[in-house]
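Asks: Give me a model of this one.
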Amino acid sequence: QVQLVESGGGLVQAGDSLRLSCEESGRSLITYSMAWFRQAPGKEREFVSAISRFAGTPYYADSVKGRFTISRENAEKTLTLQMNSLKTEDTGVYYCAARTGGGNWDVPNTKQYTYWGQGTQVTVSS
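Replies: Below is the predicted model of the structure:
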């Protein structure tokens, strides 16, 4: 059983930075392709960023490109999302997700991911 735990959310002002983390019981995440999604109140869950297993190829939604950086750190045990120049529209619950299996996948599609964390709240005030 894969249990993902996110941390690092909080209340910040527009223009500030936050760093989100996702871990799975201290085990390496390198065998999973992983992603961050977010969900604002009243809206559908939307893709933010993803990273492929092993090679670590990053993917970003256009809305966060150039501001957010996804990476695996801590000997591949921690998935991080560095969020800079935050905007009010970045507000939402951020979820970490993981999928098993290799090859290409439909990166922004929530159905492609098997495991999900409980989410961490990010609130950006103006």
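Asks: number of nearby residues for the closest residue to residue 85 other than its chain neighbours?
Replies: Once flanking residues are discounted, residue 85 sits nearest to residue 67: 4.7 Å by CB to CB, 6 or more residues apart in numbering. C-beta here means a position set from N, CA and C on the backbone, and glycine is covered the same way. Here the count is done by other CB atoms under 10 Å, and residue 67 has 15 residues near it.
Asks: Surely residue 67 touches residue 84?
Replies: Yes. Between residue 67 and residue 84 there is a contact under CB atoms under 8 Å: 5.2 Å.
Asks: Please enumerate the strands of this protein.
Replies: Under the criterion DSSP state E, the chain contains strands at 5-7, 10-13, 18-23, 33-39, 46-51, 58-60, 68-73, 78-83, 92-99, 115-116, 120-125.
Asks: Is the residue nearest the centre of the chain bridged to anything, and to what?
Replies: Geometric centre of the chain, nearest residue: residue 36, 2.2 Å, by CA atoms, centre = their mean. Beta-bridge pairing of residue 36 under DSSP bridges involves residue 49, residue 96.
Asks: got a list of what it touches?
Replies: Residue 36 sits next to 20, 22, 48-50, 70, 79, 81, 94-97 when contact means CB atoms under 8 Å, 6 or more residues apart in numbering.
Asks: swap in residue 24?
Replies: 2-5, 77, 98.
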